[in-house]
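S.K.: Provided below for reference: sequence and predicted model.
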Amino acid sequence: MELYVILALFAIVAVWFVATYNRLVVGRNRVDNAWGQVDVQLGRRNDLVPNLVETVKGYASHEQETLDRVIQARNRAQAASGPEEAAQAENLLTSALRQLFALAEAYPDLKASEGFRDLQAQLTDTEDKIAVARQIYNDTVLTHNNRCQTVPSNIVASITGFQVREYFDAPEEAAQPPKVEF
């Protein structure tokens, strides 16, 4: 009889271990998927930047320093890997884009350009999508990290090598889309 009790306890622990491991795998996969969604939106943003720079260049070619900063920030954002590095690079790009839009204020013909307005609208839409994707990613990371850090699932996480994941943090002003009044 004692053997059956021991076997039953072992089976319960084994089932719990497998179920917990599977929840951790699902959480990790959700984090990866959520990061993929953020990455898609960041890529979309990075694809819009050269068109925006070229449009501005046509009207304000002597403002090369600002345009160069935007391109350098975009290149750094494209090269970023992982949420922490991407957040820093995206914050620099947001700052550079704010300078570009502020520059546009000084050029009425640029502000009136349909191409510029269209690119600005697309960029604003993309910024909104980035903010949503960032929130979903961070919520998913929170759930995963809670499983990796709370008892008893942290036991399975440490045995099987699951790690907490980084949040994609951004300062509040970077989460806001650039605003330009026409």
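M.R.: That came through, no problem. Residues are numbered from 1 along each chain as shown.
S.K.: Tell me which other helices or strands the helix or strand containing residue 18 touches.
M.R.: Residue 18 belongs to helix 2-59 when elements are defined using DSSP states H and E. Contact here means 3 or more CB pairs under 8 Å, 6 or more residues apart in numbering; DSSP states H and E; on that basis helix 2-59 packs against helix 64-79, helix 83-104, helix 108-112, helix 114-149, helix 153-160. The C-beta positions use only the backbone N, C-alpha and C, and glycine is treated the same way.
S.K.: What's the mean pLDDT across it?
M.R.: For helix 2-59, the per-residue pLDDT values average out at 95.
S.K.: Quickly, which of the helices and strands packed on helix 2-59 bottoms out on average pLDDT?
M.R.: Lowest mean pLDDT of those: helix 108-112, a mean of 82.
S.K.: contacts for it?
M.R.: With contact meaning CB atoms under 8 Å, 6 or more residues apart in numbering, helix 108-112 is reached by 55-56, 59-60, 104-105, 116-117, 180, 182.
S.K.: Any buried residues in it, and which?
M.R.: Buried residues in helix 108-112, defined by neighbour count with 16 or more other CB atoms under 10 Å: 110-111.
S.K.: Pull the distance from stretch 77-97 to the chain's centre.
M.R.: Relative to the chain's own centre, stretch 77-97 is displaced by 9 Å; criterion: CA atoms, centre = their mean, to the nearest Å.
S.K.: got it, and stretch 42-52?
M.R.: On the basis of CA atoms, centre = their mean, stretch 42-52 is displaced by 15 Å from the centre of the chain it belongs to.
S.K.: which residues are in contact with it?
M.R.: 70-71, 74, 77-78, 86, 90, 93, 97, 100, 116, 119-120, 122-123, 126-127, 129-130.
S.K.: repeat that for 10 Å
M.R.: Residues from elsewhere that reach stretch 42-52 (CB atoms under 10 Å, 6 or more residues apart in numbering): 67, 70-71, 73-75, 77-78, 80, 86, 89-90, 93-94, 96-97, 100-101, 104, 115-116, 118-120, 122-123, 125-127, 129-130, 133-134, 168.
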